[in-house]
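1. attaching a predicted model along with its sequence, questions to come.
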Amino acid sequence: MVDDIVTILGSSTDVKVEGYDSCQVAIINTTNDFSESYVTALEPKSTILYGENKVESAKKLGAESIIEVPKITILKDKLPEKMEISVLG
């Protein structure tokens, strides 16, 4: 947890995260196999994708317009209501 924001960092092929049913921010490496069900099960408000397959993975999660950004700032009081997908480029 960083600044009272529950954050998970890893890949969707990692072993199930013990003790977390959901999170506010999921930072996911997409270099290996990507499982959208792993991400959606966490119910994050913000999903940040990086790695070789980040654009394809964003599409699997339902992102309509994909813009790669160099950095992301997340504030607890500005978390979106529905899952927002960001791609680090």
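-> Structure received. Numbers count the residues shown, from 1 in each chain.
2. low-confidence ranges in this structure?
-> Within the chain, the stretches falling below the threshold (pLDDT under 70) are 1, 12-21.
3. contact partners for the most centrally placed residue in it?
-> Central residue check for the chain by C-alpha atoms, centre = their mean: the C-alpha nearest the mean position is that of Thr47, 2.4 Å away. When contacts are counted by C-beta atoms under 8 Å, 6 or more residues apart in numbering, Thr47 touches Val25, Ala26, Ile28, Val39, Leu61, Met83, Glu84, Ile85, Ser86. Quick note: C-beta positions are derived from backbone N, CA and C, even for glycine.
4. would you check how far apart the first one and Val6 are?
-> Put plainly, it is Val25. Relative to Val6, Val25 is positioned 7 Å away (criterion: C-beta to C-beta, to the nearest Å).
5. so which of these two has more stuff around it?
-> Here Val25 and Val6 are set side by side on neighbour count (other C-beta atoms under 10 Å), and the busier one is Val25, at 22 against 15.
6. show me where the protein has its helices.
-> Secondary structure of the chain by DSSP state H: the helices cover 36-42, 54-60.
7. and of the ones you listed, who's closest to Gly10?
-> helix 36-42 (9.4 Å; C-beta to C-beta).
8. packing partners for the closest one?
-> Contacts defined by 3 or more C-beta pairs under 8 Å, 6 or more residues apart in numbering; DSSP states H and E place helix 36-42 against strand 25-29.
9. which residues sit against the strand it packs on?
-> Contacts of strand 25-29 with the rest of the structure, by C-beta under 8 Å, 6+ apart, involve 5-12, 34, 39, 42, 44-51, 57, 74, 79.
10. direction included, what does that strand pair up with?
-> Strand 25-29 pairs in its sheet with strand 7-11 (parallel), strand 46-50 (parallel), by DSSP bridges.
11. how about those, which one is nearest Pro70?
-> Put simply, out of the strands paired with strand 25-29 the one that sits nearest Pro70 is strand 46-50, at 11.3 Å, with distance taken as C-beta to C-beta.
12. is Ser11 in contact with Asn32, as I believe?
-> Yes: here Ser11 reaches Asn32: they are 5.6 Å apart, a contact under C-beta atoms under 8 Å.
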